[in-house]
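K.L.:
when you get a sec, could you give me coordinates for this:
(one chain, ligands or ions: 2)
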Amino acid sequence: MSDSDFISGLPKAELHLHVEGSLEPEQMFAFARRNRISIPFPNVEALRAAYSFNSLQDFLDIYYQGADVLRTEEDFRDLALAYFERAHEDGVAHAEIFFDPQTHTARGLPFGVAADGLLAGMKEAEAKFGLTSKLILCFLRHLDEDDAFLTFADAEPWLDRIAGVGLDSSEVGHPPSKFARVFEAAGKAGLKRVAHAGEEGPPEYVLEALDVLHIDRLDHGNRSLESPELVTRLARAGMTLTVCPLSNHKLCVVDDLAAHPIADMLGHGLRPTINSDDPAYFGGYVADNYRAVAPLLTRDQLATLARNSFLGSFLDDAAVTRHI
Ligand code: HPA
Ligand code: ZN
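P.N.:
Numbers count the residues shown, from 1 in each chain. Ligands and ions are numbered 1, 2, ... in the order given. Predicted coordinates for the structure are as follows:
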């Protein structure tokens, strides 16, 4: 069996996926047409050609602009369902997806347009593909904590259908401690807590995510490797890292995929998983991300990464056991 078939056949969970980042250029044009809005690119090819980034911020500028075509519950439902269909082809049995409500409420959409649309897509994916999912509300860290609190208040009627909160957007200059109080409130409401840290930000941001935000899972975490003490701590805690190889390469977090630190992470006793982050922008879905690092790994290690994805999920123990 080829590596590629082996990877597709591994049952896996996806734990780091921004649903707005699964908006394919073709779909962007289709939604723009449906909603009678124009996009500042003449065609799909020109849009795709703009997907060349030197940093996280370069990407975020175009990613937030792209999300403007999402206007209705149906758009969000269609977006989610298209992602789940593609993920199902890659052997994804369970996905925990992020959404950025502030990107949409800032444009005047009520919180429920995104939330209800995504929840409808999630329900349909389970019925159609047997693919289960959970929804994680991400706060935009370039905005202030008061704005995050307003979003958390908006989310109140949906909290029984939201598994956790996360933290994303521009990392450097916006440390996790900026969101200490809203993460505390989310914890008190019984939500799981995750945060992007150590993607561009230093190991100290990972420490803050652990000590101040009390995270249940670490998104990216690459720069943890710069601190041996932090690596030991993450390994001892059994902390899951949601690593995104193609994203790391496209956003210049790693210079070369052949030098991706995934094997080092495993070697240090960490618990990494493989994920696609923003597949429409970074050139591949989850199996493509496994393939991108497969030359660095044995098949046993690839299987460990897939197993880690269930162990690090927010599924209950019985469901995890069914999957692994
Ligand atoms: N990092 C931070 N924010 C994001 C990302 C990311 O990789 N993708 C979408 N929002
Ligand atoms: Zn991300």
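
K.L.:
can you list the residues of this structure near ligand 1?
P.N.:
18, 21, 56, 168, 169, 196, 199, 247, 277, 278 (CB under 6 Å from any ligand atom). The way it works is simple: take the backbone N, C-alpha and C, and place the C-beta from them, glycine included.

K.L.:
roughly how far does the fourth one sit from residue 17?
P.N.:
Right, residue 168. 12 Å (CB to CB, to the nearest Å).

K.L.:
next: the third one.
P.N.:
Taking CB to CB as the measure, residue 56 falls 17 Å from residue 17.

K.L.:
of the two, give the one with the bigger neighbour count.
P.N.:
Comparing residue 56 with residue 17 by other CB atoms under 10 Å, the one with more neighbours is residue 17, at 27 against 24.

K.L.:
residues in contact with the more buried one?
P.N.:
83, 87, 95, 96, 97, 98, 275, 276, 277, 279, 286 (CB atoms under 8 Å, 6 or more residues apart in numbering).

K.L.:
state which one residue of this structure is found closest to ligand 1.
P.N.:
Per CB to the nearest ligand atom, residue 168 is where the chain lies closest to ligand 1, at 3.5 Å.

K.L.:
confidence score at that residue?
P.N.:
You'll see residue 168 listed with a pLDDT of 98.

K.L.:
still on that earlier bit, who wins for neighbours among the residues of the chain next to ligand 1?
P.N.:
Neighbour-wise, the residues of the chain next to ligand 1 (other CB under 10 Å) top out at residue 277, 31 neighbours.

K.L.:
and the helix or strand hosting residue 293, what does it pack against?
P.N.:
Assigned by DSSP states H and E, residue 293 belongs to helix 286-293. Counting contacts by 3 or more CB pairs under 8 Å, 6 or more residues apart in numbering; DSSP states H and E, helix 286-293 packs against helix 3-9, strand 12-18, helix 245-250, strand 271-274, helix 299-311.

K.L.:
would a markdown table of those with distance to residue 143 and mean pLDDT be doable?
P.N.:
Formatted as a markdown table, these follow (distance: least, CB to CB, whole Å; pLDDT from 0 to 100):
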| stretch | distance to residue 143 | mean pLDDT |
| --- | --- | --- |
| helix 3-9 | 37 | 96 |
| strand 12-18 | 16 | 98 |
| helix 245-250 | 22 | 98 |
| strand 271-274 | 28 | 98 |
| helix 299-311 | 30 | 98 |
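
K.L.:
out of the ones you listed, which one sits most buried?
P.N.:
strand 12-18 (a mean of 29; mean count of other CB atoms under 10 Å).

K.L.:
if we look at stretch 74-88, which residues are touching it?
P.N.:
14, 17, 19-20, 22-24, 27, 31, 34-35, 69-70, 92, 95, 97, 113-114, 116-118, 120-122, 124-125, 128-129, 131, 133, 279, 285-286.

K.L.:
just the buried ones from those?
P.N.:
Neighbour counting by 16 or more other CB atoms under 10 Å classes 14, 17, 19-20, 22-24, 27, 31, 69-70, 92, 95, 97, 113-114, 116-118, 120-122, 124-125, 129, 131, 133, 279, 285-286 among the contacts of stretch 74-88 as buried.
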